[in-house]
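J.: Just need the structure, nothing else, for what follows:
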Amino acid sequence: MTEQGVPASELSDDELSQQGIQAHATRSWVFLHGSAEQFHRHTERMLELEQEYLRRHPKRTWQGSGGADTQDLTEMDVLAQVRFLTRRYANAIETLLEGRTADLPADRTAPVDTEAATTDLLRRYAAAPDGRLHKLEAHQVAREAGLPPAAVASLFKADPPLLVTAGEYRLITDAGRTRIA
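T.: Below you'll find the predicted structure:
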């Protein structure tokens, strides 16, 4: 065991997920009230957990999907990682607070062809093993297809449903397969 706990690479998937959730939950407190040393240790541990999660589940995050920013954090030292992520976080918060869309990629601001995006999404499900995606992968695939959350929800609510949930997985139904046939 290290000073910061078990190395992320040795954690089970559940432990990695729980520690990642805990790190994000305590981030604000450490940032506002912690010492410089606590903030430094917290940042290192959070980055270690995030990088391990990304290594294990690359398709569940935008970093591993070939989307957005392709800069490799693993090639940066910790201080460069903190600066890079802090700038990204600050820009994202400013964008949300101001309601701006100018900073978003062009594909996020253009009108969506819902029919084409739905077909694309259903085809991606059909191409997945057993027609199923983990819920985090499903979320990422929907974002890549450009389908707004309300439109994705309608696929689950359709009669008959085109997609269904099964625990942590999302599956294409026979009706969904028929739709793209």
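
J.: can you tell me how far residue 160 sits from residue 89?
T.: To residue 89, residue 160 is 42 Å away according to Cβ to Cβ, to the nearest Å. From N, CA and C alone the C-beta is placed, and that goes for glycine too.

J.: And the next helix or strand past the helix or strand of the chain with the lowest mean pLDDT?
T.: One helix or strand of the chain scores below all others by mean pLDDT, DSSP states H and E: helix 106-109, with a mean of 48. Heading C-terminal from helix 106-109, the first helix or strand you meet, by DSSP states H and E, is helix 114-127.

J.: Residue 180: how many residues sit nearby?
T.: Residues lying near residue 180 (other Cβ atoms under 10 Å) number 15.

J.: can you list the weak-confidence ranges in this structure?
T.: In the prediction, the chain carries residues with pLDDT under 70 at positions 1-4, 61-76, 91-112.

J.: all helices of it, in order?
T.: When assigned using DSSP state H, the helices of the chain occupy the ranges 13-33, 36-56, 78-98, 106-109, 114-127, 135-145, 149-157, 174-180.

J.: Ramachandran coordinates for residue 12?
T.: Here is the backbone geometry of residue 12 (degrees, to the nearest 10): phi -70, psi 170.

J.: Enumerate every residue touching it.
T.: Contacts here follow Cβ atoms under 8 Å, 6 or more residues apart in numbering; on that basis residue 12 touches nothing.

J.: What distance do you get for it to residue 18?
T.: As judged by Cβ to Cβ, residue 12 and residue 18 stand 9 Å apart.

J.: circling back: columns distance to residue 166 on top of the helices of the chain, output as a markdown table?
T.: As requested, the helices of the chain are arranged in a markdown table below (distance: least, Cβ to Cβ, whole Å):
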| stretch | distance to residue 166 |
| --- | --- |
| helix 13-33 | 18 |
| helix 36-56 | 21 |
| helix 78-98 | 32 |
| helix 106-109 | 29 |
| helix 114-127 | 12 |
| helix 135-145 | 10 |
| helix 149-157 | 12 |
| helix 174-180 | 14 |
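
J.: Which of those helices has the highest mean neighbour count?
T.: helix 135-145 (a mean of 19; mean count of other Cβ atoms under 10 Å).

J.: what angle do that one and helix 149-157 make?
T.: 120 degrees (axes from the mean of the first three to the mean of the last three Cα atoms, to 10 degrees).
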